[in-house]
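**Q** Sequence below, structure please.
(one chain, ligands or ions: 2)
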Amino acid sequence: MRISDLPKPVTASKADWLAGTNWLGFTPVDGSASARAKCQSTINRQFGNGYVIEYITESFSAPNPGFENDPQMLEERKNHAELAGRFIAVHRLLNSPRPLHEIIGGEEFSCLQDQWAKPGKRHRWSVAFPITESYLVKGRPKAKEILGEESYGRLYGHPSATLRPLSNDDRAPIAQLELEKLPAPNAWIGIEDDFEKAERSEIDPRTRKLIDHDLPAFAIEGMTAERWGKVRLRASWLADTFIRQRHKAGTLNCDDCEFDPARRSDLQGIGPRSLLDLHHKAPLEEGVRGTTTADFALLCPTCHRITHARLRLNVAGSA
Ligand SMILES: [Zn+2]
Ligand SMILES: [Zn+2]
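**A** Ligands and ions are numbered 1, 2, ... in the order given. Have a look, this model is predicted:
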């Protein structure tokens with residue numbers, strides 16, 4: 001796939017000297033809660049509802065005294081040399097209120113500060129956005145060659161503690177870059193945040209039944225039964241949201257054959273919703289990535305049966 005195939009535009013770029021794999025961090029002006037909140041809202045406004053393209057800076061920062069020969073730092077410096085000046089990845093970020101020490105743990109946070117924070121300012125990268133969807137930019141092209149000298153200088157020619165918002169002109173040349181999906185272990189953080197909302201809301205029991213039918217009954221490999229229970233409840237809550245959106249949009253019809261209960265004149269007293277099934281299109285992706293309302297479909301009972309019969313045939317065919 002290419003950048004232009006993503007469901008949302010790439011709205012901003014992050015310049016980093018270390019590649020972020022699980023989170024992207026930003027340093028607020030000081031360690032106070034208000035500085036953190038301000039930094040978080042600025043970054044969130046910059047990426048909005050879009051993706052962020054990660055660029056690796058030409059230079060590599062010097063670590064604090066005592067870390068000059070740290071083996072991990074030396075390894076990172078070596079990796080940096082290969083990536084300098086290149087576009088390396090595209091990420092979707094979650095605007096989560098969790099500070100970095102909660103995402104990576106207190107011990108790792110402490111190590112990072114020892115190594116990279118300025119003396120007395122132990123809040124480096126403390127505003128962190130978990131990466132919930134991630135793609136490698138194939139071939140890791142040089143940003144200057146893709147953007148041209150002028151845009152490149154404008155975007156990356158100065159230091160900045162925030163993101164670099166992209167204009168339509170900046171977006172055009174990157175649209176054709178090829179992507180390859182990467183795992184995003186922090187997708188779980190977004191799922192957990194949603195789970196709390198799901199627990200507080202009322203979910204239509206019919207929705208739950210249909211979703212439970214589509215999702216495997218037992219936890220997939222590497223996931224505890226407790227976590228799987230949360231994933232299932234969140235999926236039902238998302239599905240309910242999906243139906244409400246369709247209701248509001250006036251599109252309660254079958255997504256396959258376009259059967260529309262509202263067009264039949266003999267259904268007085270029968271709700272259109274009761275004639276349509278809810279179907280989960282990517283049940284095996286649940287808990288692995290941050291699924292959205294786009295992962296559901298409304299189907300008439302016949303199309304729903306056909307869909308499941310096909311799925312069974314495919315599973316049997318591939319075994
Ligand atoms: Zn149908
Ligand atoms: Zn189904």
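**Q** Neighbouring strands - and their directions - for the helix or strand where Thr132 lies?
**A** In the assignment (DSSP states H and E), Thr132 maps to strand 127-137. As defined by DSSP bridges, the strand partners of strand 127-137 come to strand 23-26 (antiparallel), strand 87-93 (antiparallel), strand 179-182 (antiparallel).
**Q** Quick one: distance of it to the chain centre.
**A** Centre-to-centre, strand 127-137 and its host chain are 6 Å apart (CA atoms, centre = their mean, to the nearest Å).
**Q** Convert it to CSV, retaining C-alpha atoms only.
**A** In CSV, the C-alpha atoms belonging to strand 127-137 read as follows (Å, rounded to 0.1, in the frame of the first residue of the first chain):
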residue,chain,number,x,y,z
VAL,A,127,4.4,13.9,27.1
ALA,A,128,4.1,10.7,25.2
PHE,A,129,1.6,9.5,22.6
PRO,A,130,1.3,5.7,22.3
ILE,A,131,1.6,4.5,18.7
THR,A,132,-1.5,2.4,17.9
GLU,A,133,-0.9,1.8,14.2
SER,A,134,2.5,1.8,12.5
TYR,A,135,4.0,1.4,8.9
LEU,A,136,7.5,1.2,7.7
VAL,A,137,8.3,3.6,4.8
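**Q** and the next helix or strand along the chain from that strand, which residues are buried?
**A** Using DSSP H and E, the helix or strand that follows strand 127-137 in sequence is helix 143-147. For helix 143-147, burial by neighbour count (16 or more other CB atoms under 10 Å) applies to 143, 146-147. (C-beta placed from N, C-alpha, C; glycine too.)
**Q** got a list of contacts for helix 143-147?
**A** Contacts to helix 143-147, defined as CB atoms under 8 Å, 6 or more residues apart in numbering, come from residues 55, 85-87, 152, 155-156, 170, 173-174, 177.
**Q** Same check on stretch 122-132?
**A** If you take CB under 8 Å, 6+ apart as the criterion, stretch 122-132 is touched by 20-28, 30-31, 36, 39-40, 43-44, 91-96, 98-101, 103-104, 112-113, 116-118, 184, 186-187, 189-190, 289-290.
**Q** distance between the helix or strand where Lys230 lies and the chain's centre?
**A** Using DSSP H and E, Lys230 sits in helix 225-249. Taking CA atoms, centre = their mean, one finds helix 225-249 lying 17 Å from the centre of the chain it belongs to.
**Q** one step back: just the ones of the contacts of stretch 122-132 in strands?
**A** 23-26, 91-93 (DSSP state E).
**Q** of all the residues in the stretch 151-300 of the chain, which ones are close to ligand 1?
**A** Counting by CB under 5 Å from the ion, the positions of the stretch 151-300 of the chain adjacent to ligand 1 are 254, 256-257, 259, 300.
**Q** cutoff 6 Å now
**A** Applying CB under 6 Å from the ion, we find that the stretch 151-300 of the chain lies next to ligand 1 at 254, 256-257, 259, 299-300.
**Q** Just among those, which is most surrounded?
**A** Highest neighbour count within those: Leu299, with 22 neighbours (other CB atoms under 10 Å).
**Q** so where's the stretch 201-319 of the chain shaky on pLDDT?
**A** Counting by pLDDT under 70, the stretch 201-319 of the chain has low-confidence residues at 315-319.
**Q** wait, what's in contact with the residue of it found nearest ligand 2?
**A** For the stretch 201-319 of the chain, the nearest residue to ligand 2 under the criterion CB to the ion is His279, separated by 3.5 Å. Neighbour list for His279: 210, 214, 296-299, 304, 307 [criterion: CB under 8 Å, 6+ apart].
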